[in-house]
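Q: Predicted coordinates and the sequence they were generated for:
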Amino acid sequence: MIKKKYNKSGIIKIKSVISKKQANKITHKINEIFCNVMINKKLINQRIDIFKNTNILKRFRLKYPNIFLNLKLNSIQKLPEVYEIGYSRKILKIIKKLGLKNPVYSTDPILMMHHKDTNIKGGGDYAPLHQDWRSIQGSVNCIVLWIPLVEIDTKMGSISFIEGSHLLGLLPTKKHSWFRNINEKYLKNMKLSSIRINKGDCFFFSSFLVHKSFKNKSNKVRLSLQYRYNDLDDDHYLSRNYSTNYIHAKPKKNLNRKDVPSISRIKSTYS
């Protein structure tokens, strides 16, 4: 029974949860978004495969760092295909088998890109040993879902974890450039593990599981989807009035850009 195994280890791998066709569709859309902007900025003349031409991504990141980060951290995360996967019948069925009776997103889905040409300066892309519950602060049985969108070879890495560490509760942390890092003195004699995972497979793990990102040492871009689910039927979560620790859709006080659409442009859109 998958719940018994999950309860003991805090993590479980399920094969072929999404199809390779679904994964390819999302990577194609990501490529389209980046190419549209790079063509508009005259960095390229026509659409290319950015995942086979990462030097172009590096040029884009260095020349237009804010635009690059907006695409990487915001725009590509809003794709309907990404939300569709997270609330698919198949995934919800697995989540409920693992104990969530009434699942709800704790945050927007997250789509991560890891590669030396796309990483943020300062190491913000690779998480140290941490527990996701510290940032989520949702239901006790909160589940994190991690899905690679590309074939993962040994050099590309994925996540490593300490099996059974979810039963230690929320561990003390110290400041880190990424966010927070678990003080390793609380993890003495505990072993980091890793499981081979392929495109379309999934990791489901407790938000209390101690884990970290493995660095991508290959020449390929590692793309992965992350989802976080709370349980509306969890009494501890309810007692805290369904606490949500993330701020979403908070607009800036002023216009983001001054080149607002003209009246004629607006009228032409609705003509």
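A: Received, thanks. This one's a predicted model, so the numbers in the text were calculated from it and none came from an experiment.

Q: how much space between the closest residue to Lys20 other than its chain neighbours and Ser243?
A: Ranked by CB to CB, 6 or more residues apart in numbering and with sequence neighbours excluded, the top spatial neighbour of Lys20 is Gly200, at 5.5 Å. Any C-beta I mention is one placed from the backbone N, CA and C, and that applies to glycine too. For Gly200, the distance to Ser243 (CB to CB, to the nearest Å) stands at 33 Å.

Q: Name the residue in the two with the higher neighbour count.
A: Higher neighbour count among Gly200 and Ser243: Gly200, with 20 against 15, using other CB atoms under 10 Å.

Q: Gly99: what's its closest spatial neighbour, skipping adjacent residues?
A: Of all residues beyond its chain neighbours, the one nearest Gly99 is Asn141 (5.1 Å), with distances taken as CB to CB, 6+ apart.

Q: Let me know the secondary structure of that neighbour.
A: State at Asn141, reduced to three classes by DSSP: H, G, I helix; E, B strand; the rest coil: coil.

Q: residues touching it, list them.
A: For Asn141, the contacting residues are 99-100, 206, 231, 234, by CB atoms under 8 Å, 6 or more residues apart in numbering.

Q: Can you lay out these as a markdown table showing pLDDT and neighbour count?
A: A markdown table is the format used below for those (pLDDT from 0 to 100; neighbours: other CB atoms under 10 Å):
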| residue | pLDDT | neighbour count |
| --- | --- | --- |
| Gly99 | 94 | 18 |
| Leu100 | 96 | 21 |
| Ser206 | 95 | 28 |
| Asp231 | 95 | 24 |
| Asp234 | 94 | 20 |
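
Q: May I ask which two of these are separated the most?
A: Ser206 and Asp234 (12.8 Å; CB to CB).

Q: tell me the SS of Ile12?
A: Per three-state DSSP, the local secondary structure of Ile12 is strand.

Q: Next up, the contacts around it.
A: By CB under 8 Å, 6+ apart, the contact list for Ile12 reads 2, 5-6, 98, 203-205.

Q: just the strands in the stretch 101-250 of the chain please.
A: All strands of the stretch 101-250 of the chain, identified by DSSP state E, counting those that start in this stretch, fall at 103-105, 110-114, 143-148, 159-161, 173-175, 180-182, 202-206, 211-213, 222-231.

Q: Quick one, which of those gets closest to Lys15.
A: Closest to Lys15 of these is strand 202-206 (CB to CB; 8.2 Å).

Q: which residue ranges form the helices in the chain?
A: When secondary structure is read from DSSP state H, the chain shows helices at 2-9, 20-40, 54-63, 65-73, 80-86, 89-97, 133-136, 235-239, 263-269.

Q: quick one: low-confidence ranges for the stretch 1-150 of the chain?
A: 121-124 (pLDDT under 70).

Q: For Lys20, see how far away Ile48 is.
A: Counting by CB to CB, the gap between Ile48 and Lys20 amounts to 22 Å.

Q: If you count neighbours, what's buried in stretch 128-142?
A: The neighbour-count criterion (16 or more other CB atoms under 10 Å) identifies 128-139, 141-142 as the buried residues of stretch 128-142.

Q: what does stretch 154-166 give?
A: Of the residues in stretch 154-166, those scored as buried under the neighbour-count criterion (16+ other CB under 10 Å) are 156-166.

Q: one step back: would you format the strands of the stretch 101-250 of the chain as a markdown table with distance to Ser262 included?
A: What follows is the strands of the stretch 101-250 of the chain, written out as a markdown table (distance: least, CB to CB, whole Å):
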| stretch | distance to Ser262 |
| --- | --- |
| strand 103-105 | 37 |
| strand 110-114 | 33 |
| strand 143-148 | 42 |
| strand 159-161 | 48 |
| strand 173-175 | 48 |
| strand 180-182 | 47 |
| strand 202-206 | 47 |
| strand 211-213 | 45 |
| strand 222-231 | 38 |
